[in-house]
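Chemist: This is a predicted model, with the sequence first.
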Amino acid sequence: MEVLRPQLIKIGGRIYRKNPIQEQTYQHEEDDEDFYQGGYAFCAGFMECAEEPCDAYEVVQTQQGFRCTVKAPSLLYKHIVGKRGDTRKKLEVETKTSISIPKPGQEGEIVITGQHRSGVISARTRIDVLLLTFRRKQPFTHFLAFFLNEVEVQERFLKFQEEVLEKCSMDHGVDGTIFQNPKKLHLTIGMLVLLSEQEIQQTCEMLQQCKEEFIDNICRGKPLEVEMAGIEYMNDDPGMVDVLYAKVHMKDGSNRLQELVDRVLERFQASGLIVKEWNSVKLHATVMNTLFRKDPNAEGRYNLYTADGKYFFKERESFDGRNVLKLFENFYFGTLKLNSIHISQRFTVDSFGNYASCGQIDFS
(Lines give C-alpha, C1' and ligand atoms only; values in the text may rest on other atoms or scores of the structure.)
Protein backbone atom coordinates (compact mmCIF):
# COMPACT_ATOMS: atom_id res chain seq x y z
CA MET A 1 0.00 0.00 0.00
CA GLU A 2 1.36 3.42 -0.97
CA VAL A 3 1.60 6.07 1.75
CA LEU A 4 0.21 8.78 -0.53
CA ARG A 5 -2.61 6.56 -1.82
CA PRO A 6 -3.98 4.72 1.23
CA GLN A 7 -6.95 2.39 1.14
CA LEU A 8 -10.27 4.19 1.74
CA ILE A 9 -13.21 2.61 3.54
CA LYS A 10 -16.72 4.04 3.78
CA ILE A 11 -18.51 3.60 7.10
CA GLY A 12 -21.73 5.32 8.10
CA GLY A 13 -21.59 7.86 5.30
CA ARG A 14 -18.03 8.99 6.10
CA ILE A 15 -14.77 8.10 4.37
CA TYR A 16 -11.82 6.85 6.46
CA ARG A 17 -8.35 5.95 5.36
CA LYS A 18 -6.46 2.91 6.55
CA ASN A 19 -3.06 4.17 7.68
CA PRO A 20 0.02 2.04 6.88
CA ILE A 21 0.74 0.83 10.42
CA GLN A 22 2.66 -2.39 10.93
CA GLU A 23 0.31 -5.08 12.20
CA GLN A 24 1.17 -8.18 14.18
CA THR A 25 0.49 -11.52 12.58
CA TYR A 26 -1.08 -14.53 14.23
CA GLN A 27 -1.89 -18.08 13.31
CA HIS A 28 -5.37 -18.64 11.89
CA GLU A 29 -6.42 -20.48 15.04
CA GLU A 30 -5.96 -17.26 16.99
CA ASP A 31 -7.38 -14.82 14.48
CA ASP A 32 -10.97 -15.42 15.48
CA GLU A 33 -10.57 -14.54 19.15
CA ASP A 34 -7.48 -12.34 19.26
CA PHE A 35 -8.14 -10.19 16.24
CA TYR A 36 -8.15 -6.96 18.19
CA GLN A 37 -4.58 -7.44 19.38
CA GLY A 38 -3.29 -7.69 15.84
CA GLY A 39 -6.02 -5.59 14.26
CA TYR A 40 -5.87 -2.60 16.61
CA ALA A 41 -3.48 -0.80 14.26
CA PHE A 42 -6.15 -1.15 11.61
CA CYS A 43 -8.68 0.55 13.88
CA ALA A 44 -6.24 3.16 15.10
CA GLY A 45 -5.77 4.44 11.58
CA PHE A 46 -9.26 5.88 11.69
CA MET A 47 -8.99 7.79 14.93
CA GLU A 48 -7.87 11.15 13.58
CA CYS A 49 -11.29 11.42 11.93
CA ALA A 50 -13.28 9.70 14.66
CA GLU A 51 -12.18 12.11 17.40
CA GLU A 52 -13.84 14.99 15.56
CA PRO A 53 -17.60 15.59 15.77
CA CYS A 54 -19.30 13.09 13.49
CA ASP A 55 -22.83 13.63 12.16
CA ALA A 56 -23.00 10.15 10.63
CA TYR A 57 -23.81 8.57 14.01
CA GLU A 58 -26.85 9.29 16.15
CA VAL A 59 -25.46 10.10 19.59
CA VAL A 60 -28.05 10.90 22.26
CA GLN A 61 -27.28 13.02 25.30
CA THR A 62 -28.57 11.58 28.57
CA GLN A 63 -28.39 12.54 32.23
CA GLN A 64 -25.38 10.23 32.59
CA GLY A 65 -23.55 11.46 29.47
CA PHE A 66 -23.90 10.21 25.90
CA ARG A 67 -25.32 7.07 24.32
CA CYS A 68 -25.07 5.42 20.90
CA THR A 69 -26.38 2.08 19.62
CA VAL A 70 -25.07 -0.30 16.96
CA LYS A 71 -27.22 -2.87 15.18
CA ALA A 72 -25.37 -6.08 14.40
CA PRO A 73 -26.27 -9.76 13.93
CA SER A 74 -25.57 -11.93 16.97
CA LEU A 75 -23.12 -14.04 14.95
CA LEU A 76 -20.66 -11.13 15.06
CA TYR A 77 -20.91 -10.31 18.78
CA LYS A 78 -18.01 -12.56 19.69
CA HIS A 79 -15.64 -10.47 17.57
CA ILE A 80 -16.46 -7.39 19.64
CA VAL A 81 -16.20 -9.26 22.94
CA GLY A 82 -12.95 -11.07 22.10
CA LYS A 83 -11.26 -13.86 24.01
CA ARG A 84 -12.11 -13.58 27.70
CA GLY A 85 -13.66 -10.20 26.92
CA ASP A 86 -10.29 -8.65 26.08
CA THR A 87 -11.43 -6.80 22.95
CA ARG A 88 -14.34 -5.09 24.66
CA LYS A 89 -12.22 -4.20 27.71
CA LYS A 90 -9.55 -2.64 25.52
CA LEU A 91 -12.16 -0.62 23.64
CA GLU A 92 -13.75 0.58 26.86
CA VAL A 93 -10.43 1.62 28.44
CA GLU A 94 -9.10 3.46 25.40
CA THR A 95 -12.35 5.29 24.60
CA LYS A 96 -13.47 5.77 28.23
CA THR A 97 -16.84 4.21 27.50
CA SER A 98 -18.99 1.31 28.62
CA ILE A 99 -20.07 -1.19 25.96
CA SER A 100 -23.08 -3.47 26.52
CA ILE A 101 -23.37 -6.46 24.16
CA PRO A 102 -26.33 -8.90 24.07
CA LYS A 103 -25.66 -12.48 25.07
CA PRO A 104 -24.68 -14.95 22.30
CA GLY A 105 -27.70 -16.03 20.28
CA GLN A 106 -29.83 -13.09 21.37
CA GLU A 107 -30.58 -10.43 18.77
CA GLY A 108 -30.43 -6.85 19.97
CA GLU A 109 -28.27 -3.74 19.90
CA ILE A 110 -24.77 -3.00 21.10
CA VAL A 111 -25.07 0.00 23.43
CA ILE A 112 -22.18 2.43 23.96
CA THR A 113 -22.32 4.94 26.81
CA GLY A 114 -19.78 7.45 28.04
CA GLN A 115 -19.18 10.84 29.61
CA HIS A 116 -17.75 12.35 26.42
CA ARG A 117 -19.36 12.42 23.01
CA SER A 118 -16.01 12.05 21.25
CA GLY A 119 -15.29 8.86 23.20
CA VAL A 120 -18.64 7.34 22.26
CA ILE A 121 -18.03 8.19 18.59
CA SER A 122 -14.54 6.74 18.80
CA ALA A 123 -15.86 3.46 20.23
CA ARG A 124 -18.62 3.33 17.63
CA THR A 125 -16.14 3.84 14.78
CA ARG A 126 -13.83 1.10 16.03
CA ILE A 127 -16.74 -1.31 16.47
CA ASP A 128 -17.91 -0.57 12.93
CA VAL A 129 -14.45 -1.36 11.61
CA LEU A 130 -14.36 -4.67 13.48
CA LEU A 131 -17.86 -5.60 12.28
CA LEU A 132 -17.03 -4.72 8.69
CA THR A 133 -13.77 -6.68 8.80
CA PHE A 134 -15.36 -9.86 10.09
CA ARG A 135 -18.48 -9.53 7.94
CA ARG A 136 -16.24 -9.62 4.89
CA LYS A 137 -14.82 -12.91 6.12
CA GLN A 138 -18.20 -14.60 6.31
CA PRO A 139 -19.16 -16.97 3.47
CA PHE A 140 -21.79 -15.66 1.07
CA THR A 141 -25.22 -16.72 2.31
CA HIS A 142 -27.57 -15.28 -0.33
CA PHE A 143 -27.52 -13.82 -3.81
CA LEU A 144 -29.64 -11.53 -5.98
CA ALA A 145 -30.52 -13.17 -9.26
CA PHE A 146 -32.87 -13.73 -12.15
CA PHE A 147 -33.89 -17.37 -12.45
CA LEU A 148 -33.30 -18.82 -15.93
CA ASN A 149 -35.10 -22.11 -15.40
CA GLU A 150 -37.86 -21.96 -17.99
CA VAL A 151 -38.67 -25.33 -19.54
CA GLU A 152 -37.36 -24.43 -23.01
CA VAL A 153 -34.02 -23.28 -21.63
CA GLN A 154 -33.67 -26.33 -19.39
CA GLU A 155 -34.30 -28.65 -22.33
CA ARG A 156 -31.84 -26.78 -24.55
CA PHE A 157 -29.24 -26.86 -21.76
CA LEU A 158 -29.60 -30.65 -21.45
CA LYS A 159 -29.13 -30.86 -25.22
CA PHE A 160 -25.99 -28.75 -24.88
CA GLN A 161 -24.66 -31.05 -22.16
CA GLU A 162 -25.42 -34.15 -24.21
CA GLU A 163 -23.65 -32.82 -27.30
CA VAL A 164 -20.62 -31.56 -25.38
CA LEU A 165 -20.14 -34.95 -23.73
CA GLU A 166 -20.59 -36.67 -27.07
CA LYS A 167 -18.04 -34.52 -28.91
CA CYS A 168 -15.62 -33.31 -26.22
CA SER A 169 -15.49 -35.98 -23.50
CA MET A 170 -11.94 -36.90 -24.53
CA ASP A 171 -10.74 -33.38 -23.72
CA HIS A 172 -8.93 -32.99 -20.40
CA GLY A 173 -11.30 -32.49 -17.48
CA VAL A 174 -14.55 -32.54 -19.47
CA ASP A 175 -17.14 -34.86 -17.92
CA GLY A 176 -20.69 -34.77 -16.60
CA THR A 177 -19.73 -33.61 -13.10
CA ILE A 178 -18.85 -30.04 -14.12
CA PHE A 179 -22.22 -29.09 -15.65
CA GLN A 180 -24.70 -26.84 -13.91
CA ASN A 181 -27.98 -28.32 -12.67
CA PRO A 182 -30.51 -27.04 -15.26
CA LYS A 183 -32.98 -26.24 -12.47
CA LYS A 184 -30.41 -23.87 -10.96
CA LEU A 185 -29.59 -21.81 -14.03
CA HIS A 186 -29.56 -18.19 -12.97
CA LEU A 187 -28.20 -14.76 -13.75
CA THR A 188 -26.36 -13.38 -10.71
CA ILE A 189 -26.59 -9.68 -9.87
CA GLY A 190 -24.59 -9.80 -6.64
CA MET A 191 -23.56 -11.98 -3.69
CA LEU A 192 -24.73 -11.15 -0.18
CA VAL A 193 -23.83 -11.91 3.42
CA LEU A 194 -27.09 -11.82 5.40
CA LEU A 195 -26.67 -12.96 8.99
CA SER A 196 -30.12 -12.39 10.50
CA GLU A 197 -33.80 -12.24 9.59
CA GLN A 198 -33.63 -8.47 10.00
CA GLU A 199 -30.95 -8.25 7.31
CA ILE A 200 -33.02 -10.41 4.98
CA GLN A 201 -35.97 -8.08 5.56
CA GLN A 202 -33.74 -5.05 4.94
CA THR A 203 -32.67 -6.58 1.62
CA CYS A 204 -36.31 -7.18 0.62
CA GLU A 205 -37.16 -3.57 1.45
CA MET A 206 -34.22 -2.22 -0.53
CA LEU A 207 -35.17 -4.32 -3.53
CA GLN A 208 -38.68 -2.94 -3.32
CA GLN A 209 -37.26 0.60 -3.23
CA CYS A 210 -35.27 -0.18 -6.38
CA LYS A 211 -38.47 -1.33 -8.07
CA GLU A 212 -40.32 1.86 -7.19
CA GLU A 213 -37.46 4.24 -7.99
CA PHE A 214 -36.13 2.91 -11.30
CA ILE A 215 -36.89 -0.75 -12.15
CA ASP A 216 -40.52 -0.08 -13.12
CA ASN A 217 -39.38 2.78 -15.34
CA ILE A 218 -36.73 0.65 -17.07
CA CYS A 219 -39.05 -2.34 -17.59
CA ARG A 220 -42.10 -0.24 -18.56
CA GLY A 221 -44.41 -2.67 -16.82
CA LYS A 222 -43.40 -5.59 -19.04
CA PRO A 223 -41.01 -8.53 -18.73
CA LEU A 224 -37.52 -8.09 -20.15
CA GLU A 225 -37.33 -10.46 -23.12
CA VAL A 226 -33.80 -11.82 -23.40
CA GLU A 227 -31.91 -14.41 -25.39
CA MET A 228 -29.48 -16.84 -23.84
CA ALA A 229 -27.00 -17.69 -26.55
CA GLY A 230 -23.29 -18.17 -27.04
CA ILE A 231 -20.52 -19.57 -24.84
CA GLU A 232 -17.67 -17.57 -23.31
CA TYR A 233 -14.85 -18.07 -20.78
CA MET A 234 -13.41 -15.79 -18.11
CA ASN A 235 -9.66 -16.36 -18.00
CA ASP A 236 -6.93 -15.86 -20.59
CA ASP A 237 -6.25 -19.46 -21.63
CA PRO A 238 -9.12 -21.43 -23.20
CA GLY A 239 -7.06 -24.57 -22.76
CA MET A 240 -7.20 -24.18 -18.96
CA VAL A 241 -10.58 -22.81 -17.91
CA ASP A 242 -12.51 -23.10 -14.65
CA VAL A 243 -15.85 -21.70 -15.80
CA LEU A 244 -17.78 -21.50 -19.05
CA TYR A 245 -20.88 -19.36 -19.14
CA ALA A 246 -23.75 -18.58 -21.49
CA LYS A 247 -24.18 -15.00 -22.60
CA VAL A 248 -27.48 -13.21 -21.99
CA HIS A 249 -28.63 -10.11 -23.86
CA MET A 250 -31.81 -8.18 -24.58
CA LYS A 251 -33.66 -9.49 -27.62
CA ASP A 252 -34.44 -5.96 -28.82
CA GLY A 253 -30.74 -5.03 -28.73
CA SER A 254 -31.23 -2.42 -26.00
CA ASN A 255 -29.09 -1.93 -22.90
CA ARG A 256 -31.99 -2.02 -20.44
CA LEU A 257 -31.03 -5.26 -18.69
CA GLN A 258 -27.46 -4.07 -18.12
CA GLU A 259 -28.72 -0.70 -16.88
CA LEU A 260 -31.11 -2.40 -14.46
CA VAL A 261 -28.59 -4.76 -12.88
CA ASP A 262 -25.89 -2.07 -12.67
CA ARG A 263 -28.22 0.29 -10.84
CA VAL A 264 -29.36 -2.44 -8.44
CA LEU A 265 -25.72 -3.33 -7.77
CA GLU A 266 -24.84 0.33 -7.18
CA ARG A 267 -27.69 0.75 -4.70
CA PHE A 268 -26.74 -2.34 -2.69
CA GLN A 269 -23.07 -1.39 -2.70
CA ALA A 270 -23.93 2.05 -1.34
CA SER A 271 -25.90 0.43 1.49
CA GLY A 272 -23.02 -1.86 2.42
CA LEU A 273 -25.02 -5.03 1.78
CA ILE A 274 -22.77 -5.86 -1.17
CA VAL A 275 -19.02 -5.22 -0.97
CA LYS A 276 -17.88 -3.17 -3.95
CA GLU A 277 -15.66 -5.23 -6.22
CA TRP A 278 -16.91 -4.17 -9.64
CA ASN A 279 -18.61 -1.10 -11.05
CA SER A 280 -20.66 -3.16 -13.47
CA VAL A 281 -22.33 -6.58 -13.48
CA LYS A 282 -20.86 -9.16 -15.85
CA LEU A 283 -24.02 -10.67 -17.30
CA HIS A 284 -23.50 -14.43 -17.47
CA ALA A 285 -25.15 -17.74 -16.66
CA THR A 286 -22.69 -20.40 -15.53
CA VAL A 287 -23.12 -23.65 -17.49
CA MET A 288 -19.86 -25.44 -16.62
CA ASN A 289 -17.78 -24.99 -13.48
CA THR A 290 -15.05 -27.24 -12.12
CA LEU A 291 -16.21 -26.50 -8.57
CA PHE A 292 -19.35 -28.55 -9.32
CA ARG A 293 -17.15 -31.63 -9.45
CA LYS A 294 -16.75 -31.56 -5.66
CA ASP A 295 -19.57 -29.24 -4.67
CA PRO A 296 -22.82 -29.27 -6.72
CA ASN A 297 -23.96 -26.15 -4.85
CA ALA A 298 -20.88 -24.07 -5.66
CA GLU A 299 -21.13 -20.65 -7.25
CA GLY A 300 -19.01 -19.25 -10.04
CA ARG A 301 -17.86 -16.64 -7.53
CA TYR A 302 -17.28 -17.41 -3.88
CA ASN A 303 -15.33 -16.20 -0.89
CA LEU A 304 -12.65 -18.25 0.81
CA TYR A 305 -13.75 -18.12 4.44
CA THR A 306 -15.61 -20.53 6.66
CA ALA A 307 -18.50 -19.44 8.92
CA ASP A 308 -16.13 -18.79 11.81
CA GLY A 309 -13.88 -16.50 9.77
CA LYS A 310 -11.10 -18.98 8.99
CA TYR A 311 -9.48 -18.72 5.56
CA PHE A 312 -9.30 -21.88 3.51
CA PHE A 313 -8.08 -22.93 0.10
CA LYS A 314 -10.58 -24.41 -2.30
CA GLU A 315 -8.82 -26.29 -5.06
CA ARG A 316 -9.93 -25.74 -8.63
CA GLU A 317 -9.16 -28.17 -11.43
CA SER A 318 -9.10 -26.53 -14.85
CA PHE A 319 -10.37 -28.24 -17.97
CA ASP A 320 -9.62 -27.84 -21.66
CA GLY A 321 -12.42 -25.74 -23.10
CA ARG A 322 -11.04 -25.12 -26.59
CA ASN A 323 -13.22 -27.62 -28.44
CA VAL A 324 -16.31 -26.69 -26.46
CA LEU A 325 -15.78 -23.03 -27.35
CA LYS A 326 -15.09 -23.84 -30.99
CA LEU A 327 -18.05 -26.18 -31.52
CA PHE A 328 -20.63 -24.40 -29.32
CA GLU A 329 -19.56 -20.77 -29.57
CA ASN A 330 -23.01 -19.75 -30.84
CA PHE A 331 -25.16 -22.39 -29.14
CA TYR A 332 -28.72 -21.13 -28.65
CA PHE A 333 -30.29 -21.88 -25.26
CA GLY A 334 -33.56 -20.08 -25.83
CA THR A 335 -35.59 -16.97 -25.11
CA LEU A 336 -36.69 -15.97 -21.62
CA LYS A 337 -38.98 -13.36 -20.15
CA LEU A 338 -37.40 -11.94 -17.02
CA ASN A 339 -40.09 -10.53 -14.75
CA SER A 340 -38.72 -10.88 -11.22
CA ILE A 341 -35.56 -10.57 -9.14
CA HIS A 342 -35.10 -13.09 -6.36
CA ILE A 343 -33.22 -13.04 -3.06
CA SER A 344 -32.07 -16.63 -2.90
CA GLN A 345 -30.35 -18.62 -0.21
CA ARG A 346 -27.25 -20.56 -1.21
CA PHE A 347 -27.23 -24.33 -0.68
CA THR A 348 -31.03 -24.37 -0.23
CA VAL A 349 -33.51 -25.68 -2.79
CA ASP A 350 -37.29 -25.91 -2.87
CA SER A 351 -39.35 -29.06 -3.33
CA PHE A 352 -38.80 -28.90 -7.09
CA GLY A 353 -35.00 -28.70 -6.84
CA ASN A 354 -34.81 -24.99 -7.75
CA TYR A 355 -32.92 -22.45 -5.66
CA ALA A 356 -35.11 -21.45 -2.71
CA SER A 357 -36.26 -17.83 -2.78
CA CYS A 358 -36.72 -15.92 0.48
CA GLY A 359 -37.95 -12.76 -1.21
CA GLN A 360 -38.57 -11.26 -4.63
CA ILE A 361 -39.98 -8.34 -6.57
CA ASP A 362 -42.07 -8.64 -9.72
CA PHE A 363 -42.04 -5.91 -12.35
CA SER A 364 -44.62 -7.06 -14.86
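Modeler: Okay, I see it. Note that the structure is a prediction, hence the values are computed from the model and not measured. Numbering: from 1, shown residues only.

Chemist: give me the element Leu283 is part of.
Modeler: Using DSSP states H and E, no element contains Leu283; it sits outside every helix and strand.

Chemist: what's the burial count for it?
Modeler: Number of residues near Leu283 (other C-beta atoms under 10 Å) recorded here: 20. C-beta here means a position set from N, CA and C on the backbone, and glycine is covered the same way.

Chemist: That one reaches Asn255, doesn't it?
Modeler: No. Leu283 is not in contact with Asn255 according to C-beta atoms under 8 Å; the separation is 10.7 Å.

Chemist: What is the neighbour count of the closest residue to Phe214 other than its chain neighbours?
Modeler: What sits nearest to Phe214 in space, not counting adjacent residues and going by C-beta to C-beta, 6 or more residues apart in numbering, is Arg263, at 5.6 Å. Other residues lying near Arg263 total 16 when counted by other C-beta under 10 Å.

Chemist: any idea how far His342 is from Arg263?
Modeler: Relative to His342, Arg263 is positioned 17 Å away (C-beta to C-beta, to the nearest Å).

Chemist: what do you get for Asp242?
Modeler: 25 Å.

Chemist: The two: who's more crowded?
Modeler: His342 (22 against 19).

Chemist: shouldn't the more buried one be in contact with Leu144?
Modeler: Yes. Using C-beta under 8 Å, His342 is in contact with Leu144, at 7.3 Å.

Chemist: Model confidence score at the closest residue to Asn354 other than its chain neighbours, please.
Modeler: The shortest distance from Asn354 to any non-neighbouring residue, by C-beta to C-beta, 6+ apart, is to Lys183 (5.0 Å). Per-residue confidence (pLDDT) for Lys183: 92.

Chemist: what about Asp216, helix or strand, and which?
Modeler: Counting by DSSP H and E, Asp216 is part of helix 216-219.

Chemist: Buried residues, the helix or strand following that helix. List them.
Modeler: Next in sequence after helix 216-219, counting helices and strands by DSSP H and E, comes strand 224-233. Neighbour counts using 16 or more other C-beta atoms under 10 Å place Leu224, Val226, Glu227, Met228, Ala229, Gly230, Ile231, Tyr233 of strand 224-233 among the buried residues.

Chemist: Please enumerate residues in contact with stretch 60-76?
Modeler: The contact list for stretch 60-76, computed with C-beta atoms under 8 Å, 6 or more residues apart in numbering, reads 57-59, 80, 102, 104-117, 119-121, 123-124, 127-128, 131, 134-135, 138, 195-196, 198-199.

Chemist: Tell me which of these fall in strands.
Modeler: Those of the contacts of stretch 60-76 mapping onto strands are Glu109, Ile110, Val111, Ile112, Thr113, Gly114, per DSSP state E.

Chemist: quick one: the fourth one and Ala123 touch, right?
Modeler: Yes. Counting by C-beta under 8 Å, Ile112 does reach Ala123; the two are 4.9 Å apart.

Chemist: so what sits against both of those two?
Modeler: In contact with both Ile112 and Ala123: Cys68, Thr97, Ile99, using C-beta under 8 Å, 6+ apart.
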